[in-house]
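[1] Just a sequence and a predicted model for now, questions to come.
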Amino acid sequence: MARYRGPKSKIARKFGEAIFGYDKAFEKKSYPPGQHGPSKRRKQLSDYGLQLKEKQKAKYTYGVLERQFRNLFKEANRRPGVTGENLLQLLESRMDNVVFRMGLAPTRRAARQLVVHKHFKVNGVVCNVPSCHIKPNDMISIREKSKDLDVIQGSLNKKGKMFGWMDFNRDILEGTYLSYPERSEIPENINEQLIVELYSK
């Protein structure tokens, strides 16, 4: 399936934050890309421009393409509750994101590749679909032959933050997706209300 393969630093500069993780190039040039450099004389965005920018930021952050994102929004809109929060919960429950959040991969891109290469199981069954939605109480485990992979071991050796909506046992290298996260628990700097307004036009 297609996905964005272009320069990450350029996208991070466009949104003014390192949405793909620490970026040395972004630290040097945190202003938007373009021939005018860090000039403050930039055109102010309209309401539609702000809404579109927020949607694009969410798409790039979670590695989702336009059609996938639109389908996720439709599903979020069908569910009871707040549509914007539902949307972020659906994005957070993607298999590649869950692997990333559990600290088994350094980035979402790396997590996606590991999932595609069949290094993980969901409830004992090998899963190679990054967009697969994980449900509460699903078990995520690493395949026996994949436990010694450098990228997985390197990620496990880093003391990353553990999130309250999931549990990971480092002794047996298995994790449980406990529940959908509350909006206040999701650390991503995304204004989901702007996305809802965009799709509601």
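    Sure thing, it's come through.
[2] what's around residue 175, how many residues?
    Residues lying near residue 175 (other CB atoms under 10 Å) number 25. Using the backbone N, CA and C atoms, a C-beta is placed for each residue, glycine as well.
[3] ok, how many other residues are close to residue 160?
    That count, for residue 160 with other CB under 10 Å as the rule, works out to 14.
[4] ditto for the one 5 residues further on
    Summarising burial for residue 165: neighbours were counted as other CB under 10 Å, giving 20.
[5] which residue sits closest to it, ignoring its sequence neighbours?
    Closest residue to residue 165 apart from its sequence neighbours, by CB to CB, 6 or more residues apart in numbering: residue 181 at 4.2 Å.
[6] Touching, the one you found and residue 136? I think so.
    No. Between residue 181 and residue 136 there is no contact under CB atoms under 8 Å: 10.6 Å.
[7] more neighbours, those two?
    residue 181 (20 against 12).
[8] ok, that one to residue 167 distance?
    13 Å (CB to CB, to the nearest Å).
[9] cool, residue 184 as well?
    Plainly put, residue 184 is 19 Å away from residue 167 if you go by CB to CB.
[10] Residue 196 now?
    For residue 196 relative to residue 167 (CB to CB), the value is 31 Å.
[11] swap in residue 116?
    25 Å.
[12] Can you give me the domain boundaries for the chain?
    8-90+187-199, 94-179 (automatic domain parsing).
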